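>>> the following comprises the amino acid sequence and a computationally predicted model.
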Amino acid sequence: MRRIILSILNFFTGCSNHTKSLTTVDEVNLNRYLGTWYEIARFEHWFEKGCSNVTANYSLKDNGEIKVINKCMKEDNKYKESLGTAYTIDKTNSKLKVSFFRPFYGDYWILDLDENYQYALIGDPSRKYMWILARDSKIDNTTKNKVLDKASSLDFDISKLHWTVQED
């Protein structure tokens with residue numbers, strides 16, 4: 001039981017053994033970031049176990065927070081939807097706190113972002129969580145290699161990536 005509690009605390013507090021600081025992009029235009037993103041790859045965790053056709057949709061709420069709707073197809077071919085909320089923690093809009101299990105929030109840091117907002121690299125300071133997102137369900141090899149190089153340069157273990165199945 002103690003191990004489960006420590007795992008949950010580590011997720012939500014971003015505990016890290018990494019000494020290298022994690023840098024985010026300089027600025028995110030939230031209006032351009034909003035909308036639907038396809039998950040290209042992720043570090044596998046219990047809350048996405050067995051998921052394919054994963055998408056995340058971000059929209060602005062009246063109170064200034066961000067509404068998050070994550071969808072995925074489970075192994076039984078049924079869609080699962082998770083509703084969450086997020087808010088930015090600094091003026092760059094590149095560091096967010098996201099919650100699907102209030103009152104607990106996890107770090108959602110935008111580490112790399114295409115100038116045309118076509119792909120994004122998301123992670124957290126502990127480097128236990130990482131996602132590659134794109135506006136399309138697939139990315140080309142040049143983009144893939146660029147994002148993987150960036151993730152490696154930030155000390156993420158890219159060998160742990162699970163490549164998300166996105167069926168057309």
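Perfect, I can see it now. Residues are numbered from 1 along each chain as shown.
>>> all strands of the chain, in order?
35-43, 52-60, 66-73, 79-88, 95-101, 104-113, 119-123, 130-134, 161-163 (DSSP state E).
>>> just checking: what are the partner strands of the first one?
What it means is strand 35-43. Paired strands of strand 35-43, with direction, are strand 52-60 (antiparallel), strand 130-134 (antiparallel), strand 161-163 (antiparallel) (DSSP bridges).
>>> what does the first one contact?
This means strand 52-60. Outside of strand 52-60, the residues that reach it under the criterion Cβ atoms under 8 Å, 6 or more residues apart in numbering are 30-31, 33-39, 42, 48, 66-73, 79, 86, 133, 164-167. C-beta: built from backbone N, CA, C; applies to glycine.
>>> of all the strands of the chain, which lies closest to Asp26?
Between Asp26 and those, the shortest gap by Cβ to Cβ is with strand 104-113, which sits at 9.5 Å.
>>> so where's this protein uncertain?
In the prediction, the chain carries residues with pLDDT under 70 at positions 1-19, 168.
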